[in-house]
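Asks: Quick one, what's the 3D model for this:
(one chain, ligands or ions: 1)
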Amino acid sequence: MKIAVIGAGKVGSALGSGWAEVGHTIVFGVRDLAKAELKALCERTGSKAALAADAAREGDVVVLALPWPLAENAVKSLGDLRGKIIIDCMNPLAMKDGVLGLERGYTTSGGETVASWIPGAKVVKTFNQVGAEMMTAGHRFKTRPVMFLAGEDDAAKATVGQLVSALGYEALDAGGMKQARILEPFAMVWINQALFRGLGRNWAFGVLRPTN
Ligand SMILES: NC(=O)c1ccc[n+]([C@@H]2O[C@H](COP(=O)([O-])OP(=O)(O)OC[C@H]3O[C@@H](n4cnc5c(N)ncnc54)[C@H](OP(=O)(O)O)[C@@H]3O)[C@@H](O)[C@H]2O)c1
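Replies: Presented below is the predicted three-dimensional model:
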């Protein structure tokens, strides 16, 4: 599959590297092609980089791995995304009264907001629920960790589910894009434990089932 990863920061470089390793073709969509880290990332993964809109045009799947405050302008500059599968792994994070939280919730979500920016695209919310370094680490767990997916298009969710499985996660369908309203606060559970409660970043969520 040809995957355009828009934003080659912590999440974009992790996902791009993970999928390149299992044989997908990655093009990193960036705004500055001259960065030394980008060159090293491309060499390491056998991938290429292009300006974001050019990369998005090439991708069968387009991954949005951008900082939330920059996302609207960046996403709206990607050109015509109608019909494409879009993975939204962004959390609408914001500081309020000195506390890290979400600037969307209850009556809408980052995922629904992203979908509203790109009508006709098949947006799937996922990969927002654990830290970047865990996203490609699913195979390192004894039991597969879980990654939930939300979105309106079942075929798109099935395709993205394969990309989730390829990184060692159990892909579970959370329902339509409205369910991003629960997946984004769910990410805050990980962030709270990892950043503020001392659990660290080396863990993921799993679904445990009894054996009898
Ligand atoms: N980090 C995590 O553990 C984690 C986990 C789950 C979800 N997320 C979510 O994933 C998203 C990305 O997080 P991150 O930690 O990867 O952030 P990051 O390391 O800051 O990377 C963001 C990347 O976006 C790039 N960018 C900004 N504007 C752009 C544009 N117009 N076109 C192309 N690239 C652009 C930046 O490039 P420049 O170098 O040019 O600024 C940077 O490389 C966030 O929404 C975050 O909430 C993060």
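
Asks: Show me the helices in the chain, by range?
Replies: Ranges of helices in the chain, per DSSP state H, are 10-21, 36-45, 52-58, 68-76, 110-117, 154-166, 180-191.

Asks: Which one of these lies nearest to residue 4?
Replies: helix 52-58 (4.2 Å; C-beta to C-beta). The way it works is simple: take the backbone N, C-alpha and C, and place the C-beta from them, glycine included.

Asks: quick one: is that closest one near the ligand?
Replies: Yes: using C-beta under 6 Å from any ligand atom, helix 52-58 reaches the ligand at residue 52.

Asks: Show me what that helix is packed up against.
Replies: When contacts are defined as 3 or more C-beta pairs under 8 Å, 6 or more residues apart in numbering; DSSP states H and E, helix 52-58 sits against strand 2-6, strand 25-30.

Asks: still on that earlier bit, can you redo the helices of the chain as JSON lines with mean pLDDT and mean neighbour count?
Replies: What follows is those, written out as JSON lines (pLDDT from 0 to 100; neighbours: other C-beta atoms under 10 Å):
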{"stretch": "helix 10-21", "mean pLDDT": "98", "mean neighbour count": "21"}
{"stretch": "helix 36-45", "mean pLDDT": "98", "mean neighbour count": "13"}
{"stretch": "helix 52-58", "mean pLDDT": "98", "mean neighbour count": "20"}
{"stretch": "helix 68-76", "mean pLDDT": "98", "mean neighbour count": "15"}
{"stretch": "helix 110-117", "mean pLDDT": "98", "mean neighbour count": "22"}
{"stretch": "helix 154-166", "mean pLDDT": "98", "mean neighbour count": "18"}
{"stretch": "helix 180-191", "mean pLDDT": "98", "mean neighbour count": "20"}
